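**Q** Quick one, structure for this:
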Amino acid sequence: ATTASNIDPITGEVLKDAVVASDGFTYERAAVEKWFAQHGPVSPITGQQLPNAELVQSHNQIRSAVQQEKEKPPKKDEKKKKGR
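**A** Down below sits the predicted model:
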């Protein structure tokens, strides 16, 4: 499902490589990197100067990837090991 929390505020596209900037908002990495290259470390949402242009991988994206791994069926080798 597409929600506001997984839409990039710069492009309006679904987030694929979500990162959090120092303003606390989540962006698509390529979009916010382009924004910073053009505008410097300024929040695309608030317009406020940011202390840095550092980007951190979104915890929601990490959590989603972990959940997807958990939902994958076990491999044949893993089933044998558990059965021993």
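
**Q** and residue 65, what pLDDT?
**A** You'll see residue 65 listed with a pLDDT of 61.

**Q** Name the residue closest to the centre of the chain, please.
**A** residue 18 (1.9 Å; Cα atoms, centre = their mean).

**Q** That one pairs with what?
**A** Following DSSP bridges, residue 18 is listed with bridge partners residue 28.

**Q** show me the contacts for it.
**A** 6, 26-29, 57-58, 60-61 (Cβ atoms under 8 Å, 6 or more residues apart in numbering). For every residue, glycine as well, the C-beta is placed using N, CA and C.

**Q** go on, residue 16?
**A** Residue 16 neighbours (Cβ under 8 Å, 6+ apart): residue 28.

**Q** Wasn't it part of a helix?
**A** No - Residue 16: not assigned to a helix; according to DSSP: H, G, I helix; E, B strand; the rest coil it is coil.

**Q** could you check the distance from it over to residue 10?
**A** Between residue 16 and residue 10 the computed distance is 13 Å (Cβ to Cβ, to the nearest Å).

**Q** so what sits against both of these two?
**A** residue 28.

**Q** which residues of the protein fall in helices?
**A** Secondary structure of the chain, counting by DSSP state H: helices at 29-39, 59-71, 76-83.

**Q** so how many other residues sit close to residue 43?
**A** Neighbour count of residue 43, defined by other Cβ atoms under 10 Å: 18.

**Q** Just the pLDDT for it.
**A** So, for residue 43, pLDDT stands at 98.
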